[in-house]
Every structure is written in structure tokens, then in C-alpha cells.
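K.L.:
this is a predicted model, with the sequence first.
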Amino acid sequence: MRNKVFKATVRSVLIGYLIVLLLIPIATIYVKGFSLGWEPFWKEVTGPLAWKSIVLTVKLSIVATVIQAVVGTIIAYVLVRYRFRGQSILNSMVDLPFSLPTSVAGLMFLTLLGPQSPLGAWLDSVGIKLLYNQTAIVIGLVFVTFPFVVRTVQPLLEQIDPAEEQASFTLGANRFYTFYRIVLPALLPGTIAGSMLAFSRSLAEFGAISLISGNLPGKTMVASVYIYGETQNYNPEGAAAISLVLLTLSVLILWGIHLWTRGKGRLA
């Protein structure tokens, strides 16, 4: 009897915690976004600057996600399959973007790539500009989402028996063919799941982007910065409308990951 009461209490506390922490804030955004009706909501979303900020955010998030899918998978493979000096330090640094405030990351790129730094001055002298443009946004997004693909692919790599790769080499296959036919199919679920998480995270990035993008309306202003501007202009309905679009995209992505991984589990 006591065990049943304890389980019911723990379950109730967890459900209540999720309701207070997640469901109520999410519901508040939807209520606020549609508080004036469908037409005002649609007008806010399709406004020239708002729509451009949404399109820019989605476009550059896709670019950053593709980069992460390729580079993150390669880095995970190197960290698991090879042994070299400083490997443990490099492996621990993968999680640095998770622990570092994104505004600090933005300031780091400003210091590194700004015209006052040696690197920034040299880049400027050869006509390469990596600040206050869309390239800067991609750099910021790649940095803050760096761990997602690496950390989802690593456990899958560790489960692959190296003997399978050795058997492929014995049969005459080269390293690229072995990776493509044996390793990559096993890593693909982790790469896709990590990439989708990176994309969802990119949609909401604010701290680093607000410092390095220039925030030019219609050119380098992403949706999160636009939302902040609307709150400063005392337009909470407009901010909620754009937030609702980003929130819906993120929820659909996470739901898709859940359905896909559950389907893979059933097939396995």
C-alpha cells in the first residue's frame, strides 16, 4: 500500500512539474499569439520584416545543420576510432558550447574576428568579412549546436564491432567503401537525430547572433532578434505570433524525432 502511494505521489509530482514548467508556458504563447484572432496573427507573421526574419532563420539553420551533419559525424568518428595525444581534452571540449553562455560566445567571435584583432584585420585586408552578415550567423549557429551530432553519433560508433571493418578490409575494400557500406548505415540514425536537434536549437538562438549578425532588418535580423525587438516596441502580440511559429516548428521536429526513433526501435 505504501509503495503504491509513493509511486502515485512521485508520478503526480512529475506530471505537475511538467505542466508548470512546459505545458502552461507553451499554452500561454499560443493563447497570446491568437489573442486578437486569426487575421491579426496572420498579418503579424506575414509582415515584410517578420516574414523575412523567419525565412532567414530557417534558411541559415538548414545551412548550419548540413554542416553539423557532415562535420559532427566525422569528428565523432575520429574521437572514437583513433587514439592520439590530447584526445580526452578535445573530447571534453565538445561540450563547451553547452556550458558557455551564448552571449559570451558572441563576444568571443567579436573579439576574434573584429577589425581590432590581428586575424580580423588580416581578413579585412583580403576582403573577407565574417561579421555583421549572414556568414556570421552561420558561424554562430554552428558553434552553439556543435555538440548535438557528435554526442548522438558517438554511442552508436562505440557499439559497432571493429571486427566488421577489419573483415571488410580483409576482403579488399578500401577505407572509404568500408565507411560508406558498414559504418555510415549504423551512424545514420544518430546523424539524423542530432541534426534535427541542431536545427531546432538553431531556430531559437539569440545571444551569440544578436552580437555578431548586425541585426539589419530584412537582411541579417533573425526571428529571435525580431521577437526581442517587438517586445521592446510594446507589441507582445506580434512577438507571440512569431514565437508561435518557431515553437510549432520545434515541437514538430521533436515529435518527428520521437516517432522516427520509436519506429526504428520497433523494426530493430
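P.N.:
Looks like it arrived, so ask away.
K.L.:
what ranges do the helices span in the stretch 51-200 of the chain?
P.N.:
87-93, 96-99, 102-113, 118-125, 134-144, 146-159, 162-170, 175-178, 184-204 (DSSP state H, counting those that start in this stretch).
K.L.:
and those: which comes nearest Trp42?
P.N.:
Among the helices of the stretch 51-200 of the chain, the nearest to Trp42 by C-beta to C-beta is helix 184-204 (20.0 Å). Using the backbone N, CA and C atoms, a C-beta is placed for each residue, glycine as well.
K.L.:
okay, the helix or strand following that closest one in PDB with CA atoms only?
P.N.:
Using DSSP states H and E, the next helix or strand after helix 184-204 towards the C-terminus is helix 207-212. The C-alpha coordinates for helix 207-212 follow below in PDB (Å, rounded to 0.1, in the frame of the first residue of the first chain):
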ATOM      1  CA  GLY A 207      22.600  35.500 -27.600                       C
ATOM      2  CA  ALA A 208      25.500  35.000 -30.000                       C
ATOM      3  CA  ILE A 209      23.600  36.000 -33.100                       C
ATOM      4  CA  SER A 210      22.400  39.300 -31.600                       C
ATOM      5  CA  LEU A 211      26.100  40.400 -31.200                       C
ATOM      6  CA  ILE A 212      27.600  39.200 -34.500                       C
END
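K.L.:
quick one, the next helix or strand after helix 207-212 and helix 184-204 angle?
P.N.:
Next helix or strand after helix 207-212 toward the C-terminus (DSSP H and E): helix 223-232. Interaxial angle of helix 223-232 relative to helix 184-204 (axes from the mean of the first three to the mean of the last three C-alpha atoms, to 10 degrees): 20 degrees.
K.L.:
switch to numbering from 27
P.N.:
With the count now opening at 27, the last piece we talked about shows up as helix 249-258.
K.L.:
give me the contact list for helix 249-258.
P.N.:
75-76, 79-80, 82-83, 229-232, 235-236, 239, 241, 243, 247, 262, 264-265, 268-269, 271-272 (C-beta atoms under 8 Å, 6 or more residues apart in numbering).
K.L.:
now with 7 Å, please.
P.N.:
For helix 249-258, contacts defined as C-beta atoms under 7 Å, 6 or more residues apart in numbering pick out 75-76, 79-80, 83, 230-232, 235-236, 241, 264-265, 268-269, 272.
K.L.:
ok, those vs Tyr103, which is closest?
P.N.:
The closest of the contacts of helix 249-258 to Tyr103 turns out to be Glu231 (C-beta to C-beta; 26.3 Å).
K.L.:
how about that closest one, phi and psi?
P.N.:
With angles defined as degrees, to the nearest 10, Glu231 sits at phi -60, psi 140.
K.L.:
and for it, the neighbour number?
P.N.:
Applying other C-beta atoms under 10 Å, we find 26 residues neighbouring Glu231.
K.L.:
quick one, what contacts it?
P.N.:
Contacts of Glu231 by C-beta under 7 Å, 6+ apart are Thr128, Gly166, Leu167, Val170, Ser250.
K.L.:
what about the last one, distance to Ala234?
P.N.:
The reference is to Ser250. Noted for Ser250: a distance of 11 Å to Ala234, by C-beta to C-beta, to the nearest Å.
K.L.:
same question, Leu280
P.N.:
On the measure of C-beta to C-beta, Leu280 and Ala234 end up 22 Å apart.
K.L.:
between these two, who's got more neighbours?
P.N.:
Ala234 (27 against 13).
K.L.:
quick check, pLDDT for that one.
P.N.:
Looking at Ala234, its pLDDT reads 91.
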